[in-house]
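> Pasting a predicted model and its sequence here:
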Amino acid sequence: MSFFPNYRPRRLRKSEQLRSMIRETVLNTQDLIYPLFVIHGQKVKNPVASMPGVFQLSVDELLREAQEVINLGIQAVILFGIPESKDPVGSGAYDSSGIVQQAVRALKKEFPNLVVITDVCLCEFTDHGHCGIVQNGEILNDSTLELLARTALSHVEAGADMVAPSDMMDGRVKAIRSCLDEHGFAHIPIMAYSAKYASGFYGPFRDAAGSAPQFGDRRSYQMDPANREEALREVQLDIEEGADIVMVKPALAYLDIIREVKDRFHYPVACYNVSGEYAMVKAAAQKGWIDEQKVVIEFLTGMRRAGADLIITYWAKDVAEWLKA
Ligand code: PBG
């Protein structure tokens, strides 16, 4: 291109005023969803070693945390539960007095305007750590669907504002949609983990939620990181089945997928800035090797620029504070 010297991009970079006038992407606190881990007990606040600043919280502590989150202007949280005991069919996931259901009731009672989203999956509740029922070493699809639908329904009956299935069984959005509709919850949106990859970046989360698979891995249900077209088929399928928001997960290594999903489907897109992405920045920052605030804002701006409307991030509180300053 030979626009120079007529076009000089630096003219508009001269001052912060000019830079902010032509800024294309903005990060807002309202776009952030804060993940919370809830555990049985009272006054429990267990630090997660691989995720500095993240804790497993008992319901009383969760309420305290929620107040802080709200004071910072964050509007939505996503809940993960750590049950007292596990079994092969993950019954804690759909127990009406399970840990997530208790947490939802308490949160909605105290903070009716907080958007409470629940992660719908079995892996935290099964003793084998897989996201579905296991038979002869296989993760069964269709018989898992009913349990996922029951889980979602129990969350919504407890007061959840939105459910987010993360299991990657085929047909689960439809199963959940039909079940919610049948029970008078046609108005409750589904945020589907649509393009969820079998990623190495979930390691720290599995410490936090105690959900590591006890045998094998999740590659028979989560996606191969090499695949792009398959992600588009997954998103299309979830939209056809009734998803209201589609998600790409993880975020950083999949920004191309976020962009393509946004361009093709014209649906609200969420991305999950996952535990491993958090842990690696925290570790480098603790060593003084990078400036945490700068890289986090850059990462999240990149996700928004790629097309994400919503970002699930363990940095939500920090970002809210930084944006206020
Ligand atoms: C449950 C679930 C996982 C995450 C969100 N929901 C773990 C997994 O699929 O193994 C990961 C979130 C993170 O790494 O921050 N299926």
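Received the coordinates, thanks.

> Name the residues of the helix or strand of the chain with the lowest mean pLDDT that are buried.
Across the helices and strands of the chain, mean pLDDT, DSSP states H and E gives its lowest value to helix 203-209, namely a mean of 92. For helix 203-209, the neighbour count (16 or more other Cβ atoms under 10 Å) marks P204, F205, R206, D207, A208, A209 as buried. Glycine gets a C-beta too; all of them are placed from N, C-alpha and C.

> Farthest pair within those?
P204 and A209 (9.8 Å; Cβ to Cβ).

> re earlier: just checking: which of the buried residues of helix 203-209 also lie near the ligand?
F205, R206 (Cβ under 6 Å from any ligand atom).

> out of the buried residues of helix 203-209, who's nearest V261?
Nearest to V261 among the buried residues of helix 203-209: F205, at 22.2 Å, using Cβ to Cβ.

> if I pick V77, what's in contact with it?
By Cβ atoms under 8 Å, 6 or more residues apart in numbering, the residues touching V77 are I33, Y34, P35, L36, A66, V69, L107, L114, V115, V116, I117.

> any idea which helix or strand carries it?
strand 76-82 (DSSP states H and E).

> again with R218
Applying DSSP H and E, one finds R218 in no helix or strand.

> what's the neighbour count on it?
20 (other Cβ atoms under 10 Å).

> repeat for E138
12.

> Next: the one 4 residues further on.
Other residues near D142 come to 12 when the count uses other Cβ under 10 Å.

> My guess is it contacts G171. True?
Yes: contact criterion Cβ atoms under 8 Å: D142 and G171 qualify, at 7.3 Å.

> what about E157, how many residues close to it?
16.

> State the distance from it to F201.
Distance, E157 to F201, by Cβ to Cβ, to the nearest Å: 33 Å.

> Same question for G137.
On the measure of Cβ to Cβ, G137 and F201 end up 25 Å apart.

> who has more neighbours, the two?
Higher neighbour count among G137 and F201: F201, with 23 against 9, using other Cβ under 10 Å.

> Next, the closest residue to that one other than its chain neighbours: secondary structure please.
Among residues not flanking F201 along the chain, G276 sits closest, at 3.1 Å (Cβ to Cβ, 6 or more residues apart in numbering). Of the three states, G276 takes helix under DSSP: H, G, I helix; E, B strand; the rest coil.

> How about G302?
Here G302 is helix, with the state taken from three-state DSSP.

> show me the contacts for it.
L252, L255 are the contacts of G302 under Cβ under 8 Å, 6+ apart.
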